[in-house]
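S.K.: structure, please.
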Amino acid sequence: MNIRLNKEQKIQVKDSSDIYGVMQQILLRQQRIDRNREHFWTIGLSTDSSILYIELVSMGTVNSVPAEPMEVFSFALQKRAVRIILVHSHPSGNLEPSEADKDITDRLIQTGHIVKLPVLDHIIITATSFYSFAESGLLKALQASVKYVPPYLIAEQIREDKAKEMARTMKQKGYSIIEIAELTGLSPEQIRDL
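M.R.: Here you go, the predicted model:
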């Protein structure tokens, strides 16, 4: 369900408090309907970090909410968002992310990598406060996870890391950039940057 935004809500996002300001209004408006259920939204951003849309992806139970990658990314891809922010509510008032919250965030980060639509943050909100995965450092830790990375991408990264190590050694031994590129498959730019 696409959330209608007024002009004041279509802001340029600078940090998570900007998102919370908009989402708090939406949460309070929607809480009249299903006050005790978790809600999960996505916020699509344009290239200048302005809010393109806010989409209610799903409503759950009192302590969980489903967030399937297909549902999370479908509207974002249709609207041509360049980044997304995940937001969900905790009716309990507890801002601490659960293991399930961390796990779905990890999964959605990896899905975002595959479809070239990065997850900028995941924010847990209540009527009075919020928790930002990005500001807490948790998003960065989850971005380093390989739990949901497809095996072919892991293998590709290992091959590239080995090629770069070989190129470093060849550079030290005086091989030319052209020779290194031919033997490693790396581009001359990649080799110069080593």
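
S.K.: next, the distance between the ends of stretch 131-139.
M.R.: Start to finish, the residues bounding stretch 131-139 are 11 Å apart (Cα to Cα, to the nearest Å).

S.K.: got a list of contacts for that stretch?
M.R.: With contacts defined as Cβ atoms under 8 Å, 6 or more residues apart in numbering, stretch 131-139 is touched by 15-16, 95-97, 102, 105, 109, 119-124, 140, 142. Placement of C-beta: from N, CA and C, glycine included.

S.K.: burial count for residue 101?
M.R.: Close neighbours of residue 101, defined as other Cβ atoms under 10 Å, add up to 22.

S.K.: hmm, back to that, strands - which of the contacts of stretch 131-139 land there?
M.R.: 119, 120, 121, 122, 123, 124 (DSSP state E).

S.K.: ok, the last one touching residue 88?
M.R.: Yes - at 6.2 Å, residue 124 counts as touching residue 88 under the criterion of Cβ atoms under 8 Å.

S.K.: that older thread, got TSV for the ones in strands among the contacts of stretch 131-139, with distance to residue 55 and pLDDT too?
M.R.: As requested, these are exported to TSV (distance: Cβ to Cβ, whole Å; pLDDT from 0 to 100):
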residue	distance to residue 55	pLDDT
119	14	97
120	15	96
121	16	97
122	15	98
123	15	97
124	17	97
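
S.K.: can I get those in CSV with distance to residue 175?
M.R.: Shown next, in CSV, are those (distance: Cβ to Cβ, whole Å):
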residue, distance to residue 175
119, 40
120, 41
121, 43
122, 45
123, 49
124, 52
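
S.K.: more neighbours: which of residue 124 and residue 88?
M.R.: More crowded of residue 124 and residue 88, by other Cβ under 10 Å: residue 88, with 24 against 21.

S.K.: okay, helices next: where are they in the protein?
M.R.: In the chain, the helices defined using DSSP state H lie at 16-34, 69-78, 99-114, 133-136, 138-143, 151-172, 177-184, 188-192.

S.K.: okay, buried residues for the longest one please.
M.R.: When you say that, I think you mean helix 151-172. 163, 164, 167, 170 (16 or more other Cβ atoms under 10 Å).

S.K.: relative to helix 99-114, how tilted is it?
M.R.: When axes from the mean of the first three to the mean of the last three Cα atoms, to 10 degrees is applied, the directions of helix 151-172 and helix 99-114 differ by 60 degrees.

S.K.: quick one, domains of the protein?
M.R.: Residue ranges for the domains of the chain, per automatic domain parsing: 7-143, 151-192.

S.K.: can you give me the first-to-last residue distance of stretch 132-140?
M.R.: Termini of stretch 132-140 sit 11 Å apart (Cα to Cα).

S.K.: let me know the average pLDDT across that stretch.
M.R.: For stretch 132-140, mean pLDDT rounds to 97.

S.K.: nearest the middle, which residue of the protein would you pick?
M.R.: residue 119 (1.4 Å; Cα atoms, centre = their mean).

S.K.: before we move on, back to that, which of the domains of the chain sits most buried?
M.R.: Of all the domains of the chain, domain 7-143 carries the top mean neighbour count, a mean of 17, counting by mean count of other Cβ atoms under 10 Å.
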